[in-house]
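J.: Structure, please.
(4 chains)
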2 protein chains.
Amino acid sequence: MSGDELRLIKFFKAISDENKFKIISSLKEGEKCVCVIFKELSLNQTLVSHHLSALKAAGLIKGRKSGKWVYYSVNKKYFAEIESLFNKLLGHENFKNENDTINTMINNLC
Amino acid sequence: MSGDELRLIKFFKAISDENKFKIISSLKEGEKCVCVIFKELSLNQTLVSHHLSALKAAGLIKGRKSGKWVYYSVNKKYFAEIESLFNKLLGHENFKNENDTINTMINNLC
DNA sequence: TATATATATGAATTATAATTCATATATATA
DNA sequence: TATATATATGAATTATAATTCATATATATA
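T.: The predicted structure follows:
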């Protein structure tokens, strides 16, 4: 399997859990600290921390520490790349230039 | 969570396994019977049968029986719908009309 | 009809991920 | 400085999915 395919699978695994999906959906609204996320989703703090660290390790989100708080946000470059890979998987050309990362541009050359 | 989101998660779960992903990739080349798939991927027959039945139950593929053989193929309507849902998730409008299923057209009205 | 081949299926096992629990660490505030 | 708050982390538990094993079923062919 190609690196692209392995990366897609990693993405699918990272987001195929209901709670992780909800966390990503919530972060789409904007940067949020852990305490806001776990209260909003009615999940316990430890569980959310574990999920956040998995999502961060997989590249879907970024963390920014400020005082006692850690603010997480979606990694837009990552999602732009995934979108590109996914459309490639479906056999389409890339259809948008805005948000293109270097990675997606390199992919277009292949 | 909306029905669309639950359907996307179901798709992510269905395809986030390496072997299932390989099966889908292989079927993208065209309809194949089980014996061709499991030999091509060097997996055992039972395992492939289990995966095929999971992929079929989730809607990603279709099966057609002919004599001793069962031929599987990707369900293009399903993938067209997933593409539509995925782009909605990423905040895009639908960008193509070809292959539109009734479902994606209904989705566009929301 | 007996036998071989293709596929499916249920139960058992193994691997992996999700969740919880206890607790550590860092920082802010009384 | 003592205490409260926000977050992370490792181990234990639980849930779920992947894989294997034994075998059943259907169909083609000798």
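J.: Is residue A:43 located within a strand, as I assumed?
T.: No: under DSSP: H, G, I helix; E, B strand; the rest coil, residue A:43 sits outside any strand and is assigned coil.
J.: is it true that it touches residue A:20?
T.: No: using CB atoms under 8 Å as the test, residue A:43 is too far from residue A:20 to be in contact (10.6 Å). Where you see a C-beta, it was placed from the backbone N, CA and C, and this is true even at glycine.
J.: Looking at these two, which is more packed in?
T.: Taking other CB atoms under 10 Å in any protein chain shown, residue A:43 and residue A:20 do not tie; residue A:20 has more neighbours (22 against 15).
J.: That one sits in which helix or strand?
T.: With elements taken from DSSP states H and E, the one containing residue A:20 is helix A:18-28.
J.: do that helix and DNA strand C meet?
T.: Yes: for helix A:18-28 and DNA strand C, the contact criterion (CB under 7 Å from any atom of the strand) is met by A:18, A:19, A:20.
J.: what about residue A:86, how many residues close to it?
T.: Residue A:86: 19 surrounding residues under other CB under 10 Å.
J.: isn't it right next to residue A:8, touching?
T.: Yes: applying CB under 8 Å as the test, residue A:86 and residue A:8 come out as touching, 6.6 Å apart.
J.: what kind of secondary structure is the residue nearest to residue A:30 when sequence neighbours are not counted in?
T.: Spatial nearest neighbour of residue A:30, excluding adjacent residues (CB to CB, 6 or more residues apart in numbering or on different chains): residue A:73 at 7.1 Å. Put simply, residue A:73 is strand when judged by three-state DSSP.
J.: same check, this time on residue A:6
T.: Applying three-state DSSP: residue A:6 is helix.
J.: ok, which residues in chain A are in contact with chain B?
T.: Near chain B, the residues belonging to chain A are A:1, A:5, A:8-9, A:12-13, A:15-18, A:21-22, A:25, A:28, A:79, A:83, A:86-87, A:90-92, A:95-96 when assessed by CB under 8 Å from any CB of the partner chain.
J.: Weed out the non-buried ones from those residues.
T.: A:5, A:8-9, A:12-13, A:15-17, A:21-22, A:25, A:79, A:83, A:86-87 (16 or more other CB atoms under 10 Å in any protein chain shown).
J.: so which pair among those is furthest apart in space?
T.: A:5 and A:22 (26.4 Å; CB to CB).
J.: Count the neighbours of residue A:47 for me.
T.: 12.
J.: hang on, it in a helix?
T.: Yes: counting by three-state DSSP, residue A:47 is part of a helix.
J.: And it, how far from residue B:49?
T.: Counting by CB to CB, to the nearest Å, the gap between residue A:47 and residue B:49 amounts to 35 Å.
J.: quick one: residue A:52 and residue A:61 touch, right?
T.: Yes: between residue A:52 and residue A:61 there is a contact at 6.9 Å, judged by CB under 8 Å.
J.: Next, show the common contact partners of those two.
T.: residue A:72 (CB atoms under 8 Å, 6 or more residues apart in numbering or on different chains).
J.: give me the number of residues near the residue lying closest to residue A:45 once chain neighbours are set aside?
T.: Closest residue to residue A:45 apart from its sequence neighbours, by CB to CB, 6+ apart: residue A:38 at 5.0 Å. Other residues near residue A:38 number 20, with proximity taken as other CB under 10 Å.
J.: Go ahead and report the secondary structure state at residue A:38.
T.: Residue A:38 ends up helix, using three-state DSSP.
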